[in-house]
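Colleague: 3D, please:
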Amino acid sequence: MLRGVDDAATLVELAREMNDPASEREAEASLPGVTAELEKLELARMLAGPNDRNHCYMDINAGAGGTDAMDWASMLLRMYTRYAEARGWKVELNDFVAGEEAGVKNASLYIQGENAYGYLKAETGVHRLVRISPFDANARRQTAFASVDVYPEIDDDIKIDIPEKDVRTDVYRASGAGGQKVNKTSSAVRLTHIPTGITVAMQNERSQHANRDMAWKILRSRLYDAEVKRRDAERDANEASKKDISFGSQIRSYVLAPYRLVKDLRTGVETGNVDAVLDGSLDSFITAMLMGVKNPNRAIPE
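Modeller: Residues are numbered from 1 along each chain as shown. This next block holds a predicted model:
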């Protein structure tokens, strides 16, 4: 691959020495193809983790900020749905708890697509929104927070032993977005892993049995992911730049007022095209994070 770059550069240099514009243009025309191959190799390097090729689950939870935070969580739900659909991935809404006045308290997605976890794991953390609140009669600026957590669907051959005595099961009636009733039976299932406090709710399937099976599958994935992160945290405990993934770890700010800017606090990548980002244009942020880019002056072209 590097030889291809060197060959093209040599041809350009020779064409310039011979004052041969046609050959120079031909040599330059070959560079994009070489660059594309280099980008594919770089992408393969970035997505080399043990679960990066897997489908994934995503949890979105409203945080501080009241109704604005719940509305913000619904905006993130739309943003990630658009991002996934643009990549040709399939998105299923596993659980949805609507906010009292607007938005969503929490939502859980199942995202199926090649490298879904590899890409979306970069979005884990707290997302901060600053805007003029549409819910404030005095039109004051408000700050709202929502957390995003992403974990891989684990392969069936990975055995996660969970004693049933460690899990509390609750059943309840399922309801959809906006509060409309999905059915009149207690088909929704909530599992709580008592030792860790991890909770999984599932109401997308038609029967309690199917919801229970899916909830157990998700719980195994979450416990597996929690154990991987625990081991990674121990391994990286001495790295000063290591940030614990918790509800207090802000990764990105979305400012809609008094100016318009989206900035990733980990990489410094930023853009003023807020509407595009909220419509799912996340590639520059995600790629920079996966490549370990840290450039406070780096901006995404408008």
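Colleague: hey, where'd the strands end up in this structure?
Modeller: 56-62, 90-98, 104-112, 125-132, 141-152, 167-172, 188-193, 198-202, 250-255, 261-264, 270-271 (DSSP state E).
Colleague: Would you mind extracting the C-alpha trace of the first one into PDB?
Modeller: Listed in PDB are the C-alpha atoms of strand 56-62, where the atom choice follows Å, rounded to 0.1, in the frame of the first residue of the first chain:
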ATOM      1  CA  CYS A  56     -25.200  -3.900  20.100                       C
ATOM      2  CA  TYR A  57     -27.600  -2.500  22.600                       C
ATOM      3  CA  MET A  58     -27.900   1.200  23.500                       C
ATOM      4  CA  ASP A  59     -29.500   2.700  26.600                       C
ATOM      5  CA  ILE A  60     -30.500   6.400  26.600                       C
ATOM      6  CA  ASN A  61     -31.400   8.000  30.000                       C
ATOM      7  CA  ALA A  62     -32.600  11.500  30.800                       C
END
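Colleague: was I right about residue 63 contacting residue 148?
Modeller: No. The criterion here is CB atoms under 8 Å, and residue 63 misses it with residue 148 at 10.5 Å. The way it works is simple: take the backbone N, C-alpha and C, and place the C-beta from them, glycine included.
Colleague: still on that earlier bit, let me know which of the strands of the chain is tucked in deepest.
Modeller: strand 56-62 (a mean of 24; mean count of other CB atoms under 10 Å).
Colleague: roughly how far out does it sit from the chain middle?
Modeller: Its chain's C-alpha centre and that of strand 56-62 lie 8 Å apart, by CA atoms, centre = their mean, to the nearest Å.
Colleague: packing partners for that strand?
Modeller: Contact partners of strand 56-62 among helices and strands, from 3 or more CB pairs under 8 Å, 6 or more residues apart in numbering; DSSP states H and E: helix 66-86, strand 104-112, helix 116-120, strand 141-152, helix 208-235.
Colleague: which strands and helices sit next to the fourth one?
Modeller: It refers to strand 141-152. strand 56-62, helix 66-86, helix 116-120, strand 125-132, helix 208-235.
Colleague: Check the model's average confidence along that strand for me.
Modeller: Averaged over strand 141-152, pLDDT sits at 93.
Colleague: Pairing partners for that strand, with directions?
Modeller: Partners of strand 141-152 in the sheet, by DSSP bridges, are strand 56-62 (antiparallel), strand 125-132 (antiparallel).
Colleague: Nearest to residue 171, out of the helices and strands packed on strand 56-62?
Modeller: Nearest to residue 171, of all these, is helix 208-235, at 6.0 Å by CB to CB.
Colleague: and the closest one, what does it pack onto?
Modeller: Using 3+ CB pairs under 8 Å, 6+ apart: helix 208-235 touches strand 56-62, strand 141-152, strand 167-172, strand 188-193, strand 198-202.
Colleague: With distance to residue 230 as added columns, please give those strands in a markdown table.
Modeller: Output for those, formatted as a markdown table (distance: least, CB to CB, whole Å):
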| stretch | distance to residue 230 |
| --- | --- |
| strand 56-62 | 18 |
| strand 141-152 | 13 |
| strand 167-172 | 19 |
| strand 188-193 | 14 |
| strand 198-202 | 12 |
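Colleague: And those strands: which comes nearest residue 277?
Modeller: Closest among the helices and strands packed on helix 208-235, once you apply CB to CB, is strand 141-152, at 14.1 Å.
Colleague: got the angle between the closest one and helix 66-86?
Modeller: 40 degrees (axes from the mean of the first three to the mean of the last three CA atoms, to 10 degrees).
Colleague: thinking again about what came up before, minimum distance to residue 154: which of the strands paired with strand 141-152 has it?
Modeller: strand 56-62 (10.2 Å).
Colleague: Mind listing residues that contact that closest one?
Modeller: 69-70, 72-73, 76-77, 80, 94, 99, 103-111, 116-117, 120-121, 123, 144-153, 218, 221-222 (CB atoms under 8 Å, 6 or more residues apart in numbering).
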